[in-house]
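In: Predicted model and sequence follow; I will ask about them next.
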Amino acid sequence: MKKWLFCLFILFFSCGSHAIECHLDNFWGATRVDSPVGDIFIPAAQPNGSILYVSPRYRLKIYCFSSVNYSEGIFVYPQPDHSKRIGSGISIGLVYWETDHPDFGVGAARFYASADTTFCGNQVDRHCVYMWADFSFYLKKTGDITMPYNGTDTFSLFQLDGVNGLNSQASSFQLLITGLSKIRVADCSTSVSVTPPAIDFGSLPAWSATLGQLIARKNMNISVSKNAACGAKFGVDYRFVTPSDPSLASNSLSLKNGAGISMNNAATWTYLNFNQFYDFGRLDGFVVSKDFTVDMLSTGAAKAGNFSENLVFEINYK
């Protein structure tokens, strides 16, 4: 809801809205970020509930302000333009600061962004706040997907705004998803094979505290295949997800024993950043595979005891 200050006996001056505005980085910053999904391929045999696409993770600095003389909370509002809908058989989930908000579409509830404006003393932006927005989104299969794609190509997933409701869509920060019309579905099924499915380093002697010293190395192969009747050609992106530390963006996962685990692409001999997507290859034939090494590297003095960690291998088809 907008609040307007009505001016009496003053001519030639316009009166401004009291609504909150949120911009990227600063007072003059952009009010939208586009997130293109690129090409999305969906094997028709994937069951309902399957994740079809996971976006990159965004961490953006947002500046919110208003001209009122009181503090106001910032909220995340779902799909401000209710006239635009995603195609049938697909839902969208939002992960905001590691909290999952499934089915974050029309009719979903807004939620508090854990930020409030405070007095900042300027004439225009009397109350303001700098905040960080950390989020990603995903597409999930919920039923039969109509082809050709029957939803909108571009729409706003969320808008940041004040407690009193949505401001004009052009004046407060939004995330726009673009390129949804590129979604393809074909009569295919796929499978993933990880060899070995678990890595056991066994008993290890104590190591020095030299940073980056290779303590142990194991080989791993991962292959992605499609069924023989599938004539479609498509690509695969992949990432290694760290459930114990979802915000990890480096190439070392701590074991909390003076060592860390790193995943090495054996073809390029480069360490991969966790939770970041990379190109796996194309399924122009019936199988594509990659070799990796799982390396344990020193991060400090060795600590005795058992240790373990989990990694999740995730893929997007494109």
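Out: Looks like it arrived, so ask away.
In: what about S244, how many residues close to it?
Out: Burial measure for S244: 11 neighbouring residues, criterion other C-beta atoms under 10 Å. Quick note: C-beta positions are derived from backbone N, CA and C, even for glycine.
In: For the strand or helix carrying I42, enumerate the helices and strands it packs against.
Out: Here I42 sits within strand 40-43, counting by DSSP states H and E. For strand 40-43, the packing partners by 3 or more C-beta pairs under 8 Å, 6 or more residues apart in numbering; DSSP states H and E come out as strand 51-54, strand 183-186, strand 312-317.
In: Now with 6 Å, please.
Out: Strand 40-43 sits against strand 183-186, with contacts defined as 3 or more C-beta pairs under 6 Å, 6 or more residues apart in numbering; DSSP states H and E.
In: average model confidence for the following helix or strand past the strand it packs on?
Out: The C-terminal neighbour of strand 183-186 among helices and strands, as given by DSSP H and E, is strand 190-195. Averaging pLDDT along strand 190-195 yields 96.
In: Following strand 190-195 in sequence, what is the next regular element?
Out: Downstream of strand 190-195 (by DSSP H and E), the next one is strand 214-226.
In: Strand partners (parallel or antiparallel) of that following strand?
Out: Strand pairing for strand 214-226, determined by DSSP bridges: strand 190-195 (antiparallel), strand 287-298 (antiparallel).
In: Run the chain-centre distance for the very next helix or strand once past that strand.
Out: As assigned by DSSP H and E, the chain's next helix or strand after strand 214-226 is strand 234-241. The chain centroid and the centroid of strand 234-241 are separated by 14 Å, computed with C-alpha atoms, centre = their mean, to the nearest Å.
In: and if you look at stretch 36-56?
Out: Here stretch 36-56 is found 14 Å from its chain centre; the criterion is C-alpha atoms, centre = their mean.
In: Now that stretch: average pLDDT?
Out: Rounded mean pLDDT across stretch 36-56 is 93.
In: re earlier: what residues does the strand holding I42 touch?
Out: L52, Y53, I183, R184, V185, C188, S189, T190, F234, Y317, K318 (C-beta atoms under 6 Å, 6 or more residues apart in numbering).
In: what stretches of the stretch 151-300 of the chain score poorly on pLDDT?
Out: Along the stretch 151-300 of the chain, the model assigns pLDDT under 70 to residues 169.
In: So which bits of the strand holding I42 are buried?
Out: For strand 40-43, a neighbour-count test (16 or more other C-beta atoms under 10 Å) marks I40, F41, I42, P43 as buried.
In: now swap in stretch 262-275 and tell me
Out: S262, M263, N264, Y271, L272, N273, F274, N275.
In: and which of those is nearest to G300?
Out: The nearest member of the buried residues of stretch 262-275 to G300, counting by C-beta to C-beta, is S262 at 15.1 Å.
In: List buried residues within the contacts of strand 40-43.
Out: The buried subset of those (16+ other C-beta under 10 Å) comprises L52, Y53, I183, R184, V185, C188, T190, F234, Y317, K318.
In: so what's the third one up against?
Out: Contacts here follow C-beta under 6 Å, 6+ apart; on that basis I183 touches I40, Y149.
In: Pairing partners for Y77 in the sheet, please.
Out: Going by DSSP bridges, Y77 forms beta bridges with Q159.
In: so how many other residues sit close to it?
Out: 21.
In: ok so, going back, which of the buried residues of stretch 262-275 fall in strands?
Out: Residues from those lying in strands, with DSSP state E as the criterion: S262, M263, N264, Y271.
In: can I get the residues you listed in CSV with distance to F280?
Out: Conversion of those to CSV gives the following (distance: C-beta to C-beta, whole Å):
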residue, distance to F280
S262, 18
M263, 13
N264, 15
Y271, 17
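In: ok, so of the residues you listed, who is nearest A216?
Out: Closest approach to A216 among those (C-beta to C-beta): S262, at 11.4 Å.
In: The closest one touches N251, doesn't it?
Out: Yes - counting by C-beta atoms under 6 Å, S262 touches N251, with 5.2 Å between them.
In: Quick check: neighbours shared by those two?
Out: With C-beta under 6 Å, 6+ apart, S262 and N251 have common neighbours Y271.
In: How about Y130: which residues does it bridge to?
Out: Beta-bridge partners of Y130, as defined by DSSP bridges: Y63.
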